[in-house]
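A.B. asks: pasted the sequence and its predicted model underneath.
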Amino acid sequence: MSVVEIINHDEVIYTILDKPPPEPPRTPRYESQLEKQLKEAKRPELRRTFGYAETPLKPPDQFLKKGQGIGQPIKHTDHKCFVSGNLPPVPKRPPPGKKQEKPVVNFRVINIKKAVKTKGKPVEPRLVDTRDGHIKKIKGSGEVPEYCLRPDFGQMPAYLVKRNRKIQKALEKIRHAEENKESLCKLISAEDRLKLLEDLKHNWSLMQKAFLQLPMLTDTIPKILRKTKMEQELKQLEKDILAESNPYIYIYE
């Protein structure tokens with residue numbers, strides 16, 4: 001093991017480390033060339049106050065006249081229209097003639113005639129109901145009977161009369177349709193009766209054949225239900241055949 005003896009104690013860590021690289025030079029700041037001219041052209045004397053102590057007024061003859069305001073900008077264009085061909089001549093102005101004389105109207109006489117013919121405004125009946133001169137219109141105040149004196153007082157309104165007429169017309173139409181209604185019960189002819197009887201007998205024979213083909217032993221519920229249903233249908237067909245034997249048969253449509 002070796003021992004190092006330190007005699008000088010003036011070592012600094014910052015002297016041992018490498019120095020950082022120098023910063024690159026900065027580019028010069030942009031300066032406008034017109035800035036100095038603008039500063040010289042400014043007049044600082046105009047910025048010394050907040051404005052005029054008294055607003056100067058224009059003389060009365062310098063008012064804004066017609067056409068002196070800010071209007072629409074005029075559009076200028078370089079377009080030129082080149083005329084090609086022969087155009088008809090410009091029509092000449094007609095010779096000046098005498099203007100038609102206006103008839104002389106005496107407005108005084110006309111106004112006097114109108115004033116004589118006009119009728120005065122009717123005086124609206126009013127009522128003074130207080131000592132202070134409070135005026136109240138009689139019409140609509142309830143002091144005078146008005147509603148009971150109307151020509152249509154106590155009469156049925158027009159819309160109810162119109163509705164009753166419609167109802168009456170509908171009832172008459174129904175009554176007329178019932179009176180002229182054809183009977184639903186009709187007598188069938190002999191040919192139709194024979195054909196209907198033949199069809200019933202044919203159906204009965206088919207049903208009877210199917211009934212006879214049923215098994216003799218009915219030990220299940222479906223068999224019992226089927227047999228009872230076929231028996232009921234056979235009975236109904238027999239009743240219909242007996243009824244069709246009558247020479248007079250009516251049907252309902």
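C.D. replies: Sure, I can see it. Numbers count the residues shown, from 1 in each chain.

A.B. asks: could you check how far the residue nearest the centre of the chain is from Cys148?
C.D. replies: The centroid of the chain falls nearest to Tyr159 when counting by CA atoms, centre = their mean (29.9 Å). Between Tyr159 and Cys148 the distance is 21 Å, computed by CB to CB, to the nearest Å. Yep, even glycine has a C-beta here, placed from its N, CA and C like the rest.

A.B. asks: likewise Gly120?
C.D. replies: 30 Å.

A.B. asks: any idea of the mean pLDDT for the strand or helix carrying the residue nearest to the centre of the chain?
C.D. replies: Tyr159 belongs to helix 158-179 when assigned by DSSP states H and E. Mean pLDDT, computed over helix 158-179, is 93.

A.B. asks: tell me the strands beside whichever helix or strand comes after that helix, with direction?
C.D. replies: Heading C-terminal from helix 158-179, the first helix or strand you meet, by DSSP H and E, is strand 185-187. For strand 185-187, the paired strands and their directions (DSSP bridges) are strand 250-252 (antiparallel).

A.B. asks: now the partner strand: mean pLDDT?
C.D. replies: Here the average pLDDT along strand 250-252 is 69.

A.B. asks: could you do stretch 62-70 as well?
C.D. replies: When pLDDT is averaged along stretch 62-70, the result is 84.

A.B. asks: again with stretch 211-230
C.D. replies: For stretch 211-230, the mean per-residue pLDDT is 86.

A.B. asks: cool, and stretch 84-100?
C.D. replies: In this model, stretch 84-100 has a mean pLDDT of 78.

A.B. asks: from the chain's centroid, how far away is that stretch?
C.D. replies: For stretch 84-100, the distance from its own C-alpha centre to the chain's C-alpha centre is 56 Å (CA atoms, centre = their mean, to the nearest Å).

A.B. asks: now do the end-to-end distance for it.
C.D. replies: From its first residue to its last, stretch 84-100 covers 43 Å (CA to CA, to the nearest Å).

A.B. asks: do stretch 75-93 as well
C.D. replies: Using CA to CA, the end-to-end distance of stretch 75-93 comes to 32 Å.

A.B. asks: now stretch 69-88
C.D. replies: Between the opening and closing residues of stretch 69-88 lies a distance of 41 Å (CA to CA).

A.B. asks: do the same with stretch 57-76
C.D. replies: In stretch 57-76, first residue to last residue: 37 Å (CA to CA).

A.B. asks: likewise stretch 154-162?
C.D. replies: End-to-end distance of stretch 154-162: 17 Å, with CA to CA as the criterion.

A.B. asks: list the buried residues for that stretch?
C.D. replies: For stretch 154-162, a neighbour-count test (16 or more other CB atoms under 10 Å) marks nothing as buried.

A.B. asks: from the chain's centroid, how far away is it?
C.D. replies: In terms of CA atoms, centre = their mean, the centre of stretch 154-162 is found 35 Å from the chain centre.
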